[in-house]
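Asker: A structural model of the following input is requested.
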Amino acid sequence: QVQLVESGGASVLPGSWLRLSCVASGFSLDEYELGWFRQAPGKEREGISCMAVDDDMPFYSESMKGRLTISKDTSKKTVYLDMYNLKPADTAVYFCNARTPWNDQYWGQGTQVTVSS
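Answerer: Modelled structure (predicted):
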């Protein structure tokens, strides 16, 4: 059974760095495309980063380009999202996502990130 569990969300000041983690179970990180999405209050869920199986060129959204790094540790079955220079507009619930080669998708429960002075 595929399961994704996020952690690392917090309330931080503008300009801060934050690392989100997503522990996966039920599949190998080398099998599925991995990604991070976020959803701010009153807005649609937005894809902000993803890593293909070959993780050659990760995708980053324009809204956060230059402020994100996605990575994975296969031995720990964990996907990371490093976020830099956080802004109040980055306040949202952040979700981990895994997509199979046949386009089934799995989601974590989300972790809250709040950026405020």
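Asker: which residue is nearest the centroid of the chain?
Answerer: Trp36 (2.8 Å; Cα atoms, centre = their mean).
Asker: what sits up against stretch 15-29?
Answerer: 1-10, 12, 34, 36, 72, 74, 76-86, 94, 96, 98, 108, 111, 113, 115 (Cβ atoms under 8 Å, 6 or more residues apart in numbering). (Glycine included, C-beta is placed from N, CA and C.)
Asker: what's the answer for stretch 62-77, then?
Answerer: 23-25, 28-30, 34-36, 46, 48-51, 55, 58, 60-61, 78-86, 90.
Asker: show me the shaky parts of this protein.
Answerer: The model of the chain has no residue with pLDDT under 70.
Asker: show me where it has strands.
Answerer: Per DSSP state E, the chain carries strands over the ranges 3-7, 11-12, 18-25, 33-39, 46-51, 59-60, 68-73, 78-83, 92-99, 105-107, 111-115.
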